[in-house]
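Visitor: what's the 3D shape of this:
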Amino acid sequence: MGEVPETDNGLGLFVVGGKVKSIVTENDRQVVVDYVASLLQVHNLVILIGSGASFHLDSPQTRNLKNEAVIDLIESASQTIETADLALLSFLNPNDSGDLEKLLNGLQLAASLAEQAALSNVTFGEGALAKSFTRDQINSLKGKINVAFAKACELPRRDSSLADPLAAHRQFFSRIVRSRRSNLPRTKVFTTNYDLVIERALDQLGYPYIDGFSGTVDRRLNLAYYGLDFHRVETASQQVVARADSALYLHKIHGSLNWKAVVDGSAGVTTLEVVQVAEGTASIDEPVLIYPTTAKEGDSLSYPYSDLMRLLSDAVQQNDTAVITIGYGYSDPHINRILLRSLAINPALNVLAIDPFAVLGNGPELGKAISDDDLVGRTLAARGHSVLNTPIGALAAANDSRIAVLTGPVGKFENIVELLPEPGLELNVTPPAAVMTLIESLERFTANETSRSGKQA
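Guide: Predicted structure coming up:
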């Protein structure tokens, strides 16, 4: 696991209701494990996964980008950098420490202005430093960045240095699914990620999941499918035997790399359809992605995102609900609004935000807090620890017992599995494999008893 300055075995802090409940170490994680175990048994479990869950797989960064990093991102997608591209980047990111969201937003605003005003050129700067760019040059760079960003989200990479890139995701979903009692509703997973990492991990586990698509060869988005479930049946009579194990619901609320928009007029009525295609084959002219720009809140009001956001809203307003966010930095207002409003009106909602460095950073301040023996039971501010001005930092200071925050290296996605209960141990839930072994043992015992009785007779 990651190392934090000024600590021996400190891995993080667990904060509940604004006060530090536990300092997590290699030898002491039980407080967090017990808390997470209790959340996994709520009636409605919602998991929100953000880009941080793919950082260990080298997912693209969107903050503090140098122009060179943007250029590398574009060239890694086998695209050519023109002189106009370099000049545009210099104007839009003059301090060479940009934000991909703001960069794309600037290009989008410039392109929209040119189109609205019927301008052939847009001028940046003033006086002798002013420089004009054509509408085509602006749209070209915007398109190149979008293509490059989508390409960089094709994970895991073929040249990954990890021996088993999806191990963390498989372990995470395996423990989540198998730890919940079988009579509870399915876990609902929502993700802002475009990559197919979750789908690949679930496929490797052999877990069935409903992603809102109908069909097999021609797969089309049909949100009514979220009202379906999996059940085991007796083959001959088709009578339902039991609900199938290990299934869950997956919602990709910002779109996916294998989604494509098509216009369908086959029934005489024109409709916009979303279909699944092979990864990497969706054209940049017809993507079904909400790109990281400030316009993404408006984009979320269109189909299919508005419907997916409604499903998220419905999920978090149910009684006895827990929301666990992992790798999500609370930077999307349209999602935050749903969570915060639900906290305001739903007293039976609990939120656990997991992020390694969004509260105290990744430096001496975090190490200092983890080494503070008098911190448990106190707020970070009361002990003089400087909390970052971030959304998760604000959650960590919130005086609400329904809000918990886990921060420090232990909050990295690849480390989270160590805090999830093992089925059959902490929760006294017997895993399916153990049940089958027990049944087989009983059958062998019964067969042996029958054999002995026959011989005696």
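Visitor: Point out where the stretch 351-457 of the chain drops to low pLDDT.
Guide: Across the stretch 351-457 of the chain, the ranges flagged by pLDDT under 70 are 424-457.
Visitor: 90 instead?
Guide: Scanning the stretch 351-457 of the chain for pLDDT under 90 picks out the ranges 421-457.
Visitor: Same question for the stretch 201-350 of the chain.
Guide: Along the stretch 201-350 of the chain, the model assigns pLDDT under 90 to residues 232-245, 254-306, 331-334.
Visitor: again, only using 50
Guide: Within the stretch 201-350 of the chain, the segments meeting pLDDT under 50 span 285, 296-297, 300.
Visitor: Next, the buried residues of the lengthiest strand in the chain.
Guide: In the chain, taking DSSP state E as the definition, the longest strand is strand 255-264. Judged by neighbour count using 16 or more other Cβ atoms under 10 Å, the buried positions of strand 255-264 are 255-261. In short, each C-beta sits where N, CA and C put it, glycine included.
Visitor: Make JSON lines out of those and add distance to Asn105.
Guide: Converted to JSON lines, those look like this (distance: Cβ to Cβ, whole Å):
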{"residue": "Gly255", "distance to Asn105": "18"}
{"residue": "Ser256", "distance to Asn105": "22"}
{"residue": "Leu257", "distance to Asn105": "22"}
{"residue": "Asn258", "distance to Asn105": "26"}
{"residue": "Trp259", "distance to Asn105": "23"}
{"residue": "Lys260", "distance to Asn105": "24"}
{"residue": "Ala261", "distance to Asn105": "22"}
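Visitor: Between those, which sits nearest Pro185?
Guide: Minimum distance to Pro185 across those is 24.0 Å, recorded for Ser256 (Cβ to Cβ).
Visitor: Please identify the helix or strand for the residue lying closest to the closest one once chain neighbours are set aside.
Guide: Nearest residue to Ser256, sequence neighbours excluded (Cβ to Cβ, 6 or more residues apart in numbering): Tyr194, at 5.6 Å. Following DSSP states H and E, one finds Tyr194 outside all helices and strands.
Visitor: Next up, phi/psi of Tyr194, please.
Guide: As for Tyr194, its main-chain torsions (degrees, to the nearest 10) stand at phi -90, psi -20.
Visitor: still on that earlier bit, contacting residues around the next helix or strand after the longest strand of the chain?
Guide: As assigned by DSSP H and E, the chain's next helix or strand after strand 255-264 is strand 271-276. With Cβ atoms under 8 Å, 6 or more residues apart in numbering as the test, strand 271-276 has contacts from 213, 218-221, 258-265, 288, 303-304.
Visitor: what do you get for stretch 13-22?
Guide: So stretch 13-22 is contacted by 23-24, 28, 31-32, 35, 359-360, 369-370, 375-380, 396-408 (Cβ under 8 Å, 6+ apart).
Visitor: Next: stretch 67-78.
Guide: 60-61, 81, 85-86, 89-90, 93, 96, 98, 100, 103, 144-145, 147-149, 151-152.
Visitor: Centre of the chain to stretch 60-70, how far?
Guide: Centroid separation for stretch 60-70 versus its chain: 21 Å, with Cα atoms, centre = their mean, to the nearest Å.
Visitor: Let me see the mean pLDDT of it.
Guide: Confidence for stretch 60-70, expressed as mean pLDDT, is 83.
Visitor: Check stretch 118-138 too.
Guide: Computed over stretch 118-138, the mean pLDDT rounds to 87.
Visitor: Please apply the same query to stretch 171-190.
Guide: Mean per-residue pLDDT for stretch 171-190: 94.
Visitor: What's the end-to-end length of that stretch?
Guide: One end of stretch 171-190 sits 18 Å from the other (Cα to Cα, to the nearest Å).
Visitor: Identify the residues contacting it?
Guide: Here stretch 171-190 makes contact (Cβ under 8 Å, 6+ apart) with 37, 40-41, 43-49, 198, 201-202, 205, 207, 229, 243, 245-251, 253, 308, 311-312, 315, 413, 416-417, 420-423, 427, 429, 431-432.
Visitor: Apply the buried test to these and list what passes.
Guide: Listed as buried from these are 37, 40-41, 44-49, 198, 201-202, 205, 207, 246-251, 253, 308, 311-312, 315, 413, 416-417, 420-421, 423, 427, 429, 431; burial here means 16+ other Cβ under 10 Å.
Visitor: Across the sheet, point out what pairs with Leu349.
Guide: Beta bridges link Leu349 to Thr321, judged by DSSP bridges.
Visitor: So what's the gap between the longest strand of the chain and the chain middle?
Guide: Relative to the chain's own centre, strand 255-264 is displaced by 20 Å; criterion: Cα atoms, centre = their mean.
Visitor: repeat for stretch 382-398
Guide: How far stretch 382-398 lies from its chain's middle: 23 Å, per Cα atoms, centre = their mean.
Visitor: CA atoms only: put the helix or strand hosting Ala69 into PDB for me.
Guide: Following DSSP H and E, one finds Ala69 within helix 67-75. Extracted as PDB, the C-alpha positions of helix 67-75 are listed here (Å, rounded to 0.1, in the frame of the first residue of the first chain):
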ATOM      1  CA  ASN A  67       0.300  21.600 -22.900                       C
ATOM      2  CA  GLU A  68       2.900  18.900 -23.500                       C
ATOM      3  CA  ALA A  69       0.600  16.400 -21.800                       C
ATOM      4  CA  VAL A  70      -2.300  17.400 -24.000                       C
ATOM      5  CA  ILE A  71      -0.200  17.000 -27.100                       C
ATOM      6  CA  ASP A  72       1.000  13.600 -25.900                       C
ATOM      7  CA  LEU A  73      -2.600  12.600 -25.300                       C
ATOM      8  CA  ILE A  74      -3.500  13.600 -28.900                       C
ATOM      9  CA  GLU A  75      -0.500  12.000 -30.500                       C
END
